[in-house]
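Colleague: Any chance you could fold what I've pasted below:
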Amino acid sequence: METTLPESRYNIVLNLPVKISYRVLETYLQKKLLGKVLSKGKANGSTSDTARIQKIALERSSLEDFDLAVHLQLKMLTTFFRDKEIKMVVHLSLAFREREQEVLVPRYKLEGENNGWLINTAVETLINNFLYSKLKEKMKFDIRPLVAQKLEGINKKLGNGLEVADGINISGKVNEFRIKEVIPGQKTLLVAVHILGNNVLNIHKIDL
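Modeller: This next block holds a predicted model:
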C-alpha cells in the first residue's frame, strides 16, 4: 500500500496563489463552445437542431448568490424562430471539493435578454435541456487529469534541468501539485495551489 510521505521529506513546500483572468476562461469557453449546435430530443429518439452558439462572454455575476455570468448569443435554427438571434445570461455558482479535486456548479440561473415572453421561455427551456444533458452530475470538472498532464511536462523539463538564468538551472521533481481552494473574484479566479517537491539549484557559471 502506497503511503504519503510527510512534508518534511520534501525540500520544496510551496503555497502559491494563482490568478486566472476571466478573459482567459472566456477564451477557453469560446474555443470549446463557439459554433456548437444545441439539439432537442424527440419522442421517436431522433434529434432536431434548435440553435447555434454565436458569441460567448464571461464576467463576474451581478447576482448575490452566484459567482460567474456567461453571456450567450444564439442563432435559432427552428422553423418558428429561424435565423433570429437571441441573448441569454447563465449565472453560475461555483464550489470546490479539495479531496476529489473537482470544481462543481451546484446551481445556475437563466435570464433572457430578449423582448417577448415566448422567446425567453423557449430559450430557457433549450438551455436547461442542454445543461442537463451535456453537463451532468452537477457539472463536475475533474482537475486531476489536467494536473497530471501538466505535471508530467514540468517534471520532464526539470529532469533535463530547467534554466532560470544564464548558467543557472533547477533540476529535480515536483511530487505533488494540489489545488487547495478556488475563490471567484471581481475580474479573476484565485486558485490556491499546494506544491511539494525535491529540487536542486545548479550553478554552472559565475560572472563577476
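
Colleague: CA only for contacts and neighbour counts going forward, please
Modeller: Noted.

Colleague: what lines up beside whichever strand or helix holds I20 in the sheet?
Modeller: For I20, the element it lies in under DSSP states H and E is strand 12-21. Strands that pair with strand 12-21, judged by DSSP bridges, come out as strand 188-203 (antiparallel).

Colleague: which parts of the strand it pairs with are buried?
Modeller: The neighbour-count check on strand 188-203 (16 or more other CA atoms under 10 Å) flags T188, L189, L190, V191, A192, V193, H194, I195, L196, G197, N199 as buried.

Colleague: same thing with stretch 154-170?
Modeller: Neighbour-count burial for stretch 154-170 flags N155, K157, L158, G161, L162, N169, I170 (criterion: 16+ other CA under 10 Å).

Colleague: Quote the end-to-end distance of that stretch.
Modeller: End-to-end distance of stretch 154-170 (CA to CA, to the nearest Å): 11 Å.

Colleague: In this structure, what residue spans correspond to helices?
Modeller: Ranges of helices within the chain are 22-33, 117-134, 136-139, 144-160, based on DSSP state H.

Colleague: could you give the mean pLDDT of the third one?
Modeller: If I follow you right, that is helix 136-139. Throughout helix 136-139, pLDDT has a mean value of 46.

Colleague: domain ranges for this protein?
Modeller: Annotated domains of the chain cover 7-18+144-203, 21-142 [automatic domain parsing].

Colleague: The ones you listed: lowest mean pLDDT?
Modeller: domain 21-142 (a mean of 79).

Colleague: so what's the residue nearest to V193 when sequence neighbours are not counted up against?
Modeller: In this structure, V193 finds its nearest non-sequential neighbour in I179, 4.5 Å apart by CA to CA, 6 or more residues apart in numbering. Contact partners of I179, counting by CA atoms under 8 Å, 6 or more residues apart in numbering, are E98, Q101, V191, A192, V193, H194.

Colleague: ditto for R52
Modeller: G35, K36, V37, L38, L74, K75, M76, L77.

Colleague: Now rank those residues by neighbours and give me the top one.
Modeller: In terms of neighbours by other CA atoms under 10 Å, the contacts of R52 top out with L74 at 25 neighbours.

Colleague: Give me the distance between the closest residue to that residue other than its chain neighbours and H91.
Modeller: In space, and not counting its chain neighbours, L74 is closest to I53: 4.7 Å by CA to CA, 6+ apart. Distance, I53 to H91, using CA to CA: 17 Å.

Colleague: residues of stretch 10-28 that come out buried?
Modeller: Judged by neighbour count using 16+ other CA under 10 Å, the buried positions of stretch 10-28 are I12, V13, K19, Y22, L25, E26.

Colleague: I'd like the residues you listed written out as a markdown table, with distance to L110 added.
Modeller: Output for the buried residues of stretch 10-28, formatted as a markdown table (distance: CA to CA, whole Å):
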| residue | distance to L110 |
| --- | --- |
| I12 | 45 |
| V13 | 42 |
| K19 | 27 |
| Y22 | 20 |
| L25 | 20 |
| E26 | 18 |
